[in-house]
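Participant: A structural model of the following input is requested.
(chains A and B)
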There are 2 protein chains.
Amino acid sequence: MPYICAMLQNDLLLKAAKGQDVERAPVWLMRQAGRVLPEYRATRAKAKNFVEFVKNPELACEVSVQPVDILGVDAAIIFSDILVIPEAMGLPYEMVEARGPHFPKTIQNKQDIDALKIADAGDLDYVMQALKLTKKALNNRVPLIGFCGAPFTIMAYMVEGGGSKTFSKAKQFLYTQPLLAHALLQKITDSSIQYLKGQVAAGADLIQIFDSWAGVLSEKMYYEFSLKYISQITDALSPLVPTTVFAKDAHYAIAKIAATSCQSIGLDWTIDPIKARAQAGNKTLQGNADPCLLYADEKTIIHETEHMLRSFGKNKYICNLGHGLYPDLDKGKVKLFVDVVKAYKW
Amino acid sequence: MPYICAMLQNDLLLKAAKGQDVERAPVWLMRQAGRVLPEYRATRAKAKNFVEFVKNPELACEVSVQPVDILGVDAAIIFSDILVIPEAMGLPYEMVEARGPHFPKTIQNKQDIDALKIADAGDLDYVMQALKLTKKALNNRVPLIGFCGAPFTIMAYMVEGGGSKTFSKAKQFLYTQPLLAHALLQKITDSSIQYLKGQVAAGADLIQIFDSWAGVLSEKMYYEFSLKYISQITDALSPLVPTTVFAKDAHYAIAKIAATSCQSIGLDWTIDPIKARAQAGNKTLQGNADPCLLYADEKTIIHETEHMLRSFGKNKYICNLGHGLYPDLDKGKVKLFVDVVKAYKW
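Facilitator: Predicted coordinates:
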């Protein structure tokens, strides 16, 4: 089922990412494929568990398209998980209800790292199939976003064995075994590049790199152990499609991220749009509403969203939240946020 | 047992906090009273549970003095918990092993807030007794630090019911019930001021305000719901003793914190010392080594600690970590950190 290239009916996201003038800012939402939509939960119920759900291309396609139909967002993002990479490299994970990811085996030494394979798109064929199905189902209405976790974030899970407030075990590994950490990060990076090139071949129009745990690192360690590898990924991918780097809580790194070959920079809600603009050069910015804003009344949502739009400006801006949607947000409030962005008179 | 005022043998901490010239920077460690010391764990074993431990002045005194004797730090901090305030206001908590604090009842509406009392030092007499005992046991060797949680952090626990990665329930309360949130924050603030004045009367030489969950708020909300109340506390306490404000992850707020009546500003490890200095005016800075640095080898610990000392400079600086000690850190490495600071040739 080869992907047939055709013109997108709505290419606002790609134009904004590339810095081209737009009539309005595009909008999509991190974690839009999932959680808040009852339709997602209905599809989710068809799979035995989360990992099986992620591995089912038909179900992944279904939930990837849902927010385009239901919320009217300007892009779809493929439903998947950043932890498919460790699994493809030989380190499987489980998703424990209400607790999060868990790795029965973790990475602790050179032997563990040597045993990992460098994954390629073939090892993640279910994601490629999901992308192709989604691309077809979207029928060129909106762009399709592919993604991966940043190598440091992936490594953090592989060493720590699951989520953590401090990721102190993963950081201990950086401090005590820096050479091994670099070897592991390089293997993850090489796998991610192959994986993302496959995603582009399967139909992804833009790639986002999620560095969810950037914030546990100091500035110096962030550049050495995270941005260095993100930079390799943007160098490999940006010639193919626009790339977005979202390094949550790495407030100090905006200028350095802007200096990579990425096209746009995701911001969390602790970042001031004006200050970010001053550091981001000619790069596009994405974000950054507090997800909790969507708990507020309609008037507050409208007021704050419009204020955010004015702060970022119409061009070189992709409207989004500063983090993923929370599961208990009201679907109507989420749709209101999207509608406000689409109706805003620039 | 009235506290008899006498000259401190080592008043480096107070001089540094007040911005006076010192021969070297003082050093202490957040969470030094606890966790990493086997001596702490031996004392801890004498109490039935964590809450009972906190309420026992003799045991609290014992673990408060331990780090002065064992690690040679330049200050003691009273062993207690920030959650004694909600308890004194009428909302008790439990400490669940390996999970953290849990509030069986939480604050959800006006009735819940009305039912809370404004606590005073008399409601926390066990802390006052612990301070007096510790002050006596220290015998004027080093200053004694008292503390409280910032009103927003305390409120976050009272509404959320425990720890959380996002504190989305607490933030939902801010977004949906801002007037009630302000009423609750004011009650916590009034209680904290009475409590801290009591601590000073009982012997505390410096007060630190811990805003552990500052980082979940956007800049605008931080000023409205957190710093406003911290500022009331520093206004009430700073005329009595130096105050330190530590707002973890509130990277954007340094200049605004410096504009309060506090004497010093605590920094986490994501903050660059040079940039912080530029924003902090004439205020003293405290911090900010990554706790995970203490997992590293001795050479790395020495190198990074000395680099940090040079970055902050000798005066207007209190050496510390950027967060509390982690439980699995090696006592010898922790002592090395302290020794490096004390031996540094300025």
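Participant: Quickly find the element holding the nearest residue to residue A:168 once chain neighbours are set aside.
Facilitator: Closest residue in space to residue A:168, ignoring its immediate chain neighbours: residue B:326 at 5.2 Å, by Cβ to Cβ, 6 or more residues apart in numbering or on different chains. All C-beta atoms are positioned from the backbone trio N, CA, C, and that covers glycine. Using DSSP states H and E, residue B:326 falls within no helix or strand.
Participant: so residue A:225 makes contact with residue A:217?
Facilitator: Yes - counting by Cβ atoms under 8 Å, residue A:217 is a contact partner of residue A:225 at 6.7 Å.
Participant: By average pLDDT, which secondary structure element in chain A comes out worst?
Facilitator: In chain A, no helix or strand scores lower on mean pLDDT, DSSP states H and E than strand A:94-96, which sits at a mean of 92.
Participant: any weak-confidence spans in chain A?
Facilitator: A:1-6 (pLDDT under 70).
Participant: picking that back up, for the helix or strand following the least confident helix or strand of chain A, the distance to its chain's centre please.
Facilitator: Downstream of strand A:94-96, the first helix or strand assigned by DSSP H and E is strand A:100-102. Offset of strand A:100-102 from its chain centre (Cα atoms, centre = their mean, to the nearest Å): 18 Å.
Participant: Which elements pack onto strand A:100-102?
Facilitator: Under the contact definition 3 or more Cβ pairs under 8 Å, 6 or more residues apart in numbering or on different chains; DSSP states H and E, strand A:100-102 sits against strand A:94-96.
Participant: Can you list the strands that the strand it packs on pairs with?
Facilitator: On the basis of DSSP bridges, the sheet neighbours of strand A:94-96 come out as strand A:100-102 (antiparallel).
Participant: Please spell out which residues along the next helix or strand after the partner strand are buried.
Facilitator: As assigned by DSSP H and E, the chain's next helix or strand after strand A:100-102 is helix A:110-114. For helix A:110-114, a neighbour-count test (16 or more other Cβ atoms under 10 Å in any protein chain shown) marks A:112, A:113 as buried.
Participant: Which other helices and strands does helix A:110-114 contact?
Facilitator: With contacts taken as 3+ Cβ pairs under 8 Å, 6+ apart, helix A:110-114 sits against helix A:178-201.
Participant: Mind listing what's buried along the least confident helix or strand of chain A?
Facilitator: Within strand A:94-96, the residues scored as buried using 16+ other Cβ under 10 Å are residue A:95.
Participant: Likewise for stretch A:100-116?
Facilitator: Across stretch A:100-116, burial judged by 16+ other Cβ under 10 Å covers A:101, A:103, A:106, A:107, A:112, A:113, A:116.
Participant: So which of the residues you listed is the closest to chain B?
Facilitator: Of all the buried residues of stretch A:100-116, residue A:101 has the smallest distance to chain B: 13.2 Å, by Cβ to the nearest Cβ.
Participant: So which bits of the stretch 101-250 of chain A are right by chain B?
Facilitator: Neighbours of chain B within the stretch 101-250 of chain A, by Cβ under 8 Å from any Cβ of the partner chain: A:163, A:165-166, A:168, A:171-172, A:174-176, A:215, A:217-219, A:221, A:249-250.
Participant: so of the residues you listed, which ones are in helices?
Facilitator: Using DSSP state H, the subset of those located in helices is A:168, A:171, A:172, A:174, A:175, A:176, A:219, A:221.
Participant: Could you tell me the phi and psi values at residue A:49?
Facilitator: Main-chain torsions, residue A:49, degrees, to the nearest 10: phi -150, psi 180.
Participant: scratch that, residue A:318 is what I was asking about
Facilitator: phi -120, psi 120.
Participant: count of neighbours near it?
Facilitator: Residues lying near residue A:318 (other Cβ atoms under 10 Å in any protein chain shown) number 26.
Participant: Surely residue A:62 touches residue A:45?
Facilitator: No - with contact defined as Cβ under 8 Å, residue A:62 does not reach residue A:45; the gap is 11.9 Å.
Participant: re earlier: residues contacting the residue nearest to residue A:168?
Facilitator: A:166, A:168, B:35, B:36, B:291, B:292, B:294 (Cβ atoms under 8 Å, 6 or more residues apart in numbering or on different chains).
Participant: Next one: it from residue B:165, what distance?
Facilitator: When distance is defined by Cβ to Cβ, to the nearest Å, residue B:326 is 18 Å away from residue B:165.
Participant: Enumerate every residue touching residue A:11.
Facilitator: residue A:143.
Participant: how close does it sit to residue A:140?
Facilitator: According to Cβ to Cβ, residue A:11 stands 9 Å off from residue A:140.
Participant: again, but for residue A:304
Facilitator: According to Cβ to Cβ, residue A:304 stands 33 Å off from residue A:140.
Participant: out of the two, which sits in the busier spot?
Facilitator: residue A:304 (20 against 16).
Participant: For that one, what is the enclosing helix or strand?
Facilitator: helix A:298-312.
Participant: And residue A:135, by the same measure?
Facilitator: helix A:125-138.
Participant: what's the closest non-adjacent residue to residue A:10?
Facilitator: Residue A:10 sits nearest to residue A:142 (Cβ to Cβ, 6+ apart), 4.9 Å away.
Participant: quick one: that neighbour is in a helix?
Facilitator: No - remark: residue A:142 does not belong to a helix; assigned using DSSP: H, G, I helix; E, B strand; the rest coil, it is coil.
Participant: so how many other residues sit close to it?
Facilitator: Applying other Cβ under 10 Å, we find 25 residues neighbouring residue A:142.
Participant: and it, what are its phi and psi?
Facilitator: According to degrees, to the nearest 10, the main-chain angles of residue A:142 amount to phi -140, psi 160.
Participant: wait, what's in contact with it?
Facilitator: By Cβ under 8 Å, 6+ apart, residue A:142 lies in contact with A:8, A:9, A:10, A:13, A:68, A:73, A:74, A:75, A:76.
Participant: Could you export the residues you listed as a markdown table, including neighbour count and secondary structure?
Facilitator: Converted to a markdown table, these look like this (neighbours: other Cβ atoms under 10 Å in any protein chain shown; DSSP: H, G, I helix; E, B strand; the rest coil):
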| residue | neighbour count | secondary structure |
| --- | --- | --- |
| A:8 | 17 | coil |
| A:9 | 10 | coil |
| A:10 | 16 | coil |
| A:13 | 30 | helix |
| A:68 | 23 | helix |
| A:73 | 27 | coil |
| A:74 | 24 | coil |
| A:75 | 28 | coil |
| A:76 | 28 | strand |
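Participant: Nearest to residue B:237 among these?
Facilitator: Closest approach between these and residue B:237, by Cβ to Cβ: residue A:73, at 49.2 Å.
Participant: With adjacent residues omitted, what lies nearest to the closest one?
Facilitator: residue A:28 (4.4 Å).
Participant: thinking again about what came up before, in its sheet, what does the helix or strand that the helix holding residue A:135 is followed by sit against?
Facilitator: The helix or strand immediately downstream of helix A:125-138 is strand A:144-149, counting by DSSP H and E. Applying DSSP bridges to the sheet, strand A:144-149 is found paired with strand A:76-77 (parallel), strand A:206-211 (parallel).
Participant: can you redo those as CSV with distance to residue B:298?
Facilitator: Output for these, formatted as CSV (distance: least, Cβ to Cβ, whole Å):
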stretch, distance to residue B:298
strand A:76-77, 46
strand A:206-211, 31
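Participant: closest to residue B:266 out of these?
Facilitator: It is, among the strands paired with strand A:144-149 and with distance given as Cβ to Cβ, strand A:206-211, at 25.6 Å.
Participant: Now do the helices in the stretch 201-346 of chain A.
Facilitator: Assigned helices in the stretch 201-346 of chain A, in chain order: A:219-222, A:228-237, A:254-258, A:273-279, A:298-312, A:331-343 (criterion: DSSP state H, counting those that start in this stretch).
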